[in-house]
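A.B. asks: fold the following, please.
(2 chains)
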Amino acid sequence: DQQVKQNSPSLSVQEGRISILNCDYTNSMFDYFLWYKKYPAEGPTFLISISSIKDKNEDGRFTVFLNKSAKHLSLHIVPSQPGDSAVYFCAASLFDNTNAGKSTFGDGTTLTVKP
Amino acid sequence: NAGVMQNPRHLVRRRGQEARLRCSPMKGHSHVYWYRQLPEEGLKFMVYLQKENIIDESGMPKERFSAEFPKEGPSILRIQQVVRGDSAAYFCASSPPSGAQETQYFGPGTRLLVL
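C.D. replies: Sure, this is the predicted structure:
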């Protein structure tokens, strides 16, 4: 049973437009959510996160929205740039001493931003 | 401050051999996590360690896989008697000791190929 799902394996967007990447989760106990960006042959790099007590977090061109009732989060990139082309992973974790730091990842969405 | 370091970056083994993957966390980080990424899939949690302790190994295969994080030196992920299905990218991440909701910083990964 996959607890974090990214249903779109790929997304193509024109430069300057908005990119919206979606993520759904099934475990209502998750209370911290993260987005990572990954280039080929590199490790994932942290992009932005959100705690379950918030519904929005913004950092420059990147905004993450959390809808707890729908168990859904999304990452918005505005405006999209060609350098944003990468694989984006959604991850969720529990705030619990025994599970501290353990993140469950989705399978990723490959974003392509066309010039 | 150097990032998370992993070596080797690429490792080729024949079936039945042992693979040893090393991870040096960021300076000041005492939490280490290992993830595996199979082709076309997301990152799957394997094990979470603190210095000299395994905190959560729920993602580790029961046989042939082991991990350690000694008081001195890097964390080691050991795979004995490798099989072709072990071919994957293995990522290590680290986080500081201040709590559960800390961002994990990933290394560049070790790509294991079993012939």
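
A.B. asks: quick one, strands of the chain?
C.D. replies: With no chain named, the answer covers chain A. Along chain A, the segments classed as strands by DSSP state E run A:4-5, A:10-14, A:19-25, A:32-38, A:45-51, A:56-59, A:62-67, A:72-77, A:86-93, A:103-105, A:109-114.

A.B. asks: that was the other one, I meant chain B.
C.D. replies: B:5-7, B:10-13, B:19-24, B:31-37, B:43-50, B:53-56, B:65-68, B:75-79, B:88-95, B:105-106, B:110-114.

A.B. asks: what's the distance between the most centrally placed residue in chain B and B:Gln80?
C.D. replies: With distances taken as CA atoms, centre = their mean, B:Trp34 lies nearest the centre of chain B, 3.5 Å away. As defined by CB to CB, to the nearest Å, B:Trp34 lies at a distance of 15 Å from B:Gln80. The C-beta positions use only the backbone N, C-alpha and C, and glycine is treated the same way.

A.B. asks: neighbouring strands for the helix or strand bottoming out on mean pLDDT in chain A, and are they parallel or not?
C.D. replies: Lowest on mean pLDDT, DSSP states H and E among the helices and strands of chain A sits strand A:103-105, with a mean of 87. Looking at strand A:103-105 with DSSP bridges, its partner strands are strand A:86-93 (antiparallel).

A.B. asks: could you dump the strands of chain B to a markdown table with distance to chain A and mean pLDDT?
C.D. replies: Shown next, in a markdown table, are the strands of chain B (distance: least, CB to the nearest CB, whole Å; pLDDT from 0 to 100):
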| stretch | distance to chain A | mean pLDDT |
| --- | --- | --- |
| strand B:5-7 | 8 | 95 |
| strand B:10-13 | 10 | 96 |
| strand B:19-24 | 11 | 97 |
| strand B:31-37 | 6 | 93 |
| strand B:43-50 | 4 | 91 |
| strand B:53-56 | 6 | 89 |
| strand B:65-68 | 14 | 97 |
| strand B:75-79 | 14 | 98 |
| strand B:88-95 | 5 | 94 |
| strand B:105-106 | 4 | 91 |
| strand B:110-114 | 8 | 96 |
